[in-house]
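Trainee: 3D, please:
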Amino acid sequence: MKALVALILLVQLPIHKAVPAAPPAPLGCDDPESEAAAEVAVIYINGHSHHGYKFALNRIKNIRTVPQGPNNDIMFLELDLLETRCHILNPTPLANCTIRSLTEHAVEGDCDVKLQKLAGKFSVLASKCHSHADSSEDVRQLCPDCPLLESLSNTEVLATVTAALSSHNSKTAGAHLRLLEIGRATIQYEPAHIVFVEFAVGATNCSAAAAQDNAAACQLLPDDESNYGFCTATRVIQPSQDLKVDCQLYGHQVPTPDVPFLSRVFWPTSTSAGLVPSVVQGFTNHNLRLSHNNPVASESSSSEFPSSVLSAKSVAKRAVAEVAQHDKVPRPVGFVPPPPPCPGKIRYFDI
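Mentor: Modelled structure (predicted):
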């Protein structure tokens, strides 16, 4: 009888099945690994952009990881970037470049980046970017008298660049400088009429004195001697006329193997006469229209960005829905729900 009871009790005991290990939690946009991937992406984007200014990370909007095997993941990032005051020719490290404020008529960049994380090392496989300036209305609300971005082909802008470069070349004892591109221009109309311009330049094979006879014959220095720089100028038109210009040369910079000499990507027809390439006609800023596939990437699958990488709006809606769902559950007094994994924190400001 005791043996029978023991058998019955044994049969009634619950059977504990092996529980499979839970998959790793998805990366949040502010996780250290996400930020490390974003840092690599931003370095890559700036390294392959050949016009305008460097951009800095403002927010990681979304991240998705697709495992490929042991220590091998494909990552898709959506990034919000902000324009800095450092032109892409400027060798200053990005960490030391100042973000343009909202009152300076800020420019935002939106980028989709595909990376591979192999054995703990990130490499960019592809990137797609575009940029846009903040609306004039938003700037006016913050600063009614602040100058707004003006078309890079505006006649007053061209006249200011021409006058500024001519003024510098007529006074310098160094090399004759040649216009590479107009980077940015703003115009203020009240209380005074003032034009502000920024433009990239390159040193030529002529001295300033020699260029006075035949500036058109002056050519940019060859790749192994190239010397690029940057100028800012302010031209007061009313109530009195005045011109101030400041130019700085950065010295010869050795390019990296995967980034070409900039003299090959700037327009060779730009001259000190203020000619502007047709690509910027009517535009107020150089669009970060970057679409680049890394030719040395080790991952060979398609570089297309999957539709499952959520848009910022859908991520925001999901975050709101999750918070609302949490709010339905009774919580202790003072309970603060955890932030949604994405989008991440805004480092500077939202446009």
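
Trainee: give me the most central residue, the chain.
Mentor: residue 55 (3.0 Å; C-alpha atoms, centre = their mean).

Trainee: I'd like to know which elements the helix or strand containing that one is packed against.
Mentor: For residue 55, the host element (DSSP states H and E) is strand 53-69. Packing partners of strand 53-69 (3 or more C-beta pairs under 8 Å, 6 or more residues apart in numbering; DSSP states H and E): helix 32-47, strand 72-87, strand 107-118, helix 312-327. Every C-beta, even on glycine, is put in place using the N, C-alpha and C of the backbone.

Trainee: ok, what's across the strand from the residue nearest to the centre of the chain?
Mentor: residue 83 (DSSP bridges).

Trainee: the one 10 residues further on now?
Mentor: For residue 65, the beta-bridge assignment (DSSP bridges) gives partners residue 75.

Trainee: measure the nearest residue to residue 92 once chain neighbours are set aside to residue 200 for me?
Mentor: Distances taken as C-beta to C-beta, 6 or more residues apart in numbering put residue 86 closest to residue 92, at 5.3 Å, once the chain neighbours are dropped. To residue 200, residue 86 is 12 Å away according to C-beta to C-beta, to the nearest Å.

Trainee: compare those two (neighbour count), which wins?
Mentor: residue 200 (23 against 20; other C-beta atoms under 10 Å).

Trainee: now that one: which helix or strand?
Mentor: Per DSSP H and E: strand 193-207 holds residue 200.

Trainee: whichever helix or strand comes after that strand packs against which elements?
Mentor: Per DSSP H and E, the first helix or strand lying C-terminal to strand 193-207 is helix 208-214. In terms of contacts (3+ C-beta pairs under 8 Å, 6+ apart), helix 208-214 is packed against helix 155-171, strand 175-188.

Trainee: most packed of these?
Mentor: strand 175-188 (a mean of 23; mean count of other C-beta atoms under 10 Å).

Trainee: given that strand, what are its sheet partners and their directions?
Mentor: Applying DSSP bridges, you get strand 148-149 (antiparallel), strand 193-207 (antiparallel) as the partners of strand 175-188.

Trainee: roughly how far out does the first one sit from the chain middle?
Mentor: In terms of C-alpha atoms, centre = their mean, to the nearest Å, the centre of strand 148-149 is found 19 Å from the chain centre.

Trainee: repeat for the last one
Mentor: Strand 193-207 has its C-alpha centroid displaced from the chain centroid by 23 Å (C-alpha atoms, centre = their mean).

Trainee: and residue 117, what does it touch?
Mentor: Going by C-beta atoms under 8 Å, 6 or more residues apart in numbering, residue 117 touches 37, 72-75.

Trainee: same deal with residue 183?
Mentor: 52-53, 87, 198-200, 230, 286.

Trainee: what number of residues lie near the closest residue to it other than its chain neighbours?
Mentor: Once flanking residues are discounted, residue 183 sits nearest to residue 198: 4.5 Å by C-beta to C-beta, 6+ apart. A count of nearby residues for residue 198, using other C-beta under 10 Å, gives 18.

Trainee: and what of residue 254?
Mentor: The number of residues packed near residue 254 is 8, by other C-beta under 10 Å.

Trainee: one more: residue 73?
Mentor: 17.

Trainee: need the nearest residue in space to it, chain neighbours excluded.
Mentor: residue 117 (4.6 Å).

Trainee: can you pull the contacts of residue 66?
Mentor: Residue 66 neighbours (C-beta under 8 Å, 6+ apart): 73-76.

Trainee: coming back round to it: looking at the helices and strands packed on strand 53-69, which is closest to residue 178?
Mentor: Nearest to residue 178, of all the helices and strands packed on strand 53-69, is strand 72-87, at 15.5 Å by C-beta to C-beta.

Trainee: sweet, I'm off.
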